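Novice: got a predicted structure here, sequence first:
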Amino acid sequence: MEYTLKTKTQKANADIPHKLTRRSSLGDEVYDTLLTQLISLKILPGEGISVDALSHELGVSQTPIRAALIRLEAEGLVAKKHNFGYSAAPMPTREKFNEIYEIRLLLEPHATAKAAKNMTDVLWNRLQEIAENMVKLAEGEGGAKSTYGKFALQDALFHSLIAQHSENAILTGTLDRLYTHMHLFRLRFHTTVTEEAVHEHALIITALGAGDPAAASTAMKHHILSSRARMLPFFEALEQK
């Protein structure tokens, strides 16, 4: 079974509306919106988060906002202090940065190799759909920082889906708890981050579609090493401020 990555994108429902609708789970929409704001640095690291202001901005009650903040707190993207409320988490330390990539290099290539053995038409089609969404976002439709946040969401989904198909729940849970994509994408907006990631994802999908565990593992390892090389200068510049 072999697949070819499409070069033309189709219209994808990647945008998150400013005023939220109730076509899908309102709680998930609020969560995705706040996550995008954190990744795109609309909410800056360490900045306080007003539930009342968000309720007014998004046109929803405070209940789904508080629920989303609880989820984000569990993922380490916001912090809550007694008698203070929520604030955006600080940027990762150098130690955290290095640890994230160390664990990714140990686990993700292995997970991708296992996913290649479990490849199905359904999985490949879903990965292709995510990849096409990312191509559209990398081409810059809409505001640059806004689409960058949405790109990071799609990136996290891409990697999570591959890990899930390793059929190793402990491995998948460990990768999910790293919160790798959400934290690292906050380091810097830059077009090379999206453009190069799109190309690297295409190589991963091709290897998965061919059902080649070794090639899939190699493609994922290359992607992680390239991601670290892209992000490191931004991280070092942040440390010097």
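Specialist: Done, it's in.
Novice: please count neighbours and contacts with C-alpha atoms only from this point.
Specialist: OK.
Novice: S160 against R177, yeah?
Specialist: No. The criterion here is Cα atoms under 8 Å, and S160 misses it with R177 at 10.8 Å.
Novice: please identify which of those two sits among more neighbours.
Specialist: S160 (16 against 11; other Cα atoms under 10 Å).
Novice: ok, which stretches of this structure are strands?
Specialist: In the chain, the segments counted as strands under DSSP state E are 48-49, 78-81, 85-88.
Novice: so what strands line up beside the second one?
Specialist: Read that as strand 78-81. According to DSSP bridges, strand 78-81 forms sheet pairs with strand 85-88 (antiparallel).
Novice: show me the contacts for Q164.
Specialist: A115, T172 (Cα atoms under 8 Å, 6 or more residues apart in numbering).
Novice: the same query, at a cut-off of 10 Å, please.
Specialist: Counting by Cα atoms under 10 Å, 6 or more residues apart in numbering, Q164 touches A111, T112, K114, A115, I170, L171, T172, G173, L175, D176.
Novice: grab the most central residue of the protein for me.
Specialist: With distances taken as Cα atoms, centre = their mean, A156 lies nearest the centre of the chain, 2.9 Å away.
Novice: surely it meets R177?
Specialist: No. Contact criterion Cα atoms under 10 Å: A156 and R177 do not qualify, at 11.8 Å.
Novice: go through the strands of the chain and find the least confident stretch.
Specialist: Ranked by mean pLDDT, the strands of the chain bottom out at strand 78-81, which scores a mean of 90.
Novice: tell me how far it is from the chain's mean position?
Specialist: Taking Cα atoms, centre = their mean, to the nearest Å, one finds strand 78-81 lying 21 Å from the centre of the chain it belongs to.
Novice: contacts for that strand, please.
Specialist: The contact list for strand 78-81 (Cα under 10 Å, 6+ apart) reads 35, 38, 45-49, 69-73, 85-90.
Novice: just the CA coordinates for it, please, in CSV.
Specialist: Extracted C-alpha coordinates of strand 78-81, given in CSV (Å, rounded to 0.1, in the frame of the first residue of the first chain):
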residue,chain,number,x,y,z
VAL,A,78,-1.6,28.4,32.3
ALA,A,79,-1.0,28.6,36.0
LYS,A,80,-3.4,29.4,38.8
LYS,A,81,-2.5,31.2,42.0
